[in-house]
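In: the following block contains a protein sequence and its predicted model.
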Amino acid sequence: MTNKSGIYPAGNRVLIKPDEIKEEVTESGIVLPDLVKDRHQLAQKTGTLIAVGADAFTHVVERNYDSAGNPIGHTTRGYSKPFAKVGDRVAYARYTGQTFLGEDGKDYLMTNDEDITGTVSEGVELSDFESRKGTTATANHEGL
């Protein structure tokens, strides 16, 4: 997968392209405005892993020093293996990281590697719109 965003994560940061929210029309025919879709887009919890920083998935680097304070090496502790790779569809913590508009005009999220909560197969759909259907708040607004 090619990173066309112009955004390159450093350290333990990762770059995610959030899944896009489809055009949504309520059962009564109300089209959700772009502002509402944009807010839900930023809160979306799944996306594609685009790039990873050099220290991503290593968790902790311990630096060792001699008695004079000179560095004598380091030890990396962490995960037995990376839990996601570039190109994977991932779930991540809600409202985390920083959002960017890439050079390609698409929205991206940069966050810490530990904010990835798992990988998700392509058939799984997570949507705030779907989870709100049938709730009291949605039912009250659809009747307006």
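Out: On my side now, so go ahead.

In: helices along the protein, start to end?
Out: All helices of the chain, identified by DSSP state H, fall at 34-43, 128-132, 136-142.

In: quick one: least confident helix or strand in this structure?
Out: Ranked by mean pLDDT, DSSP states H and E, the weakest helix or strand in the chain is helix 136-142, scoring a mean of 42.

In: need the strands for the protein, in chain order.
Out: Assigned by DSSP state E, the strands in the chain fall at 13-18, 46-52, 60-65, 71-77, 89-92, 98-101, 107-112, 116-119.

In: of those strands, give the one that comes closest to Glu125.
Out: Closest approach to Glu125 among these (CB to CB): strand 46-52, 8.3 Å. The way it works is simple: take the backbone N, C-alpha and C, and place the C-beta from them, glycine included.

In: pull out the buried positions in the closest one.
Out: Judged by neighbour count using 16 or more other CB atoms under 10 Å, the buried positions of strand 46-52 are Thr46, Gly47, Leu49, Ile50, Ala51, Val52.

In: just the closest of the residues you listed to Gly118, please.
Out: Of the buried residues of strand 46-52, the one sitting nearest to Gly118 (CB to CB) turns out to be Thr46, at 9.7 Å.

In: Ala56 versus that closest one, what's the distance?
Out: Distance of Thr46 to Ala56, computed by CB to CB, to the nearest Å: 18 Å.

In: ok, now Gly6?
Out: Separation of Gly6 from Ala56 (CB to CB): 19 Å.

In: what does Leu15 give?
Out: Counting by CB to CB, the gap from Leu15 to Ala56 is 10 Å.
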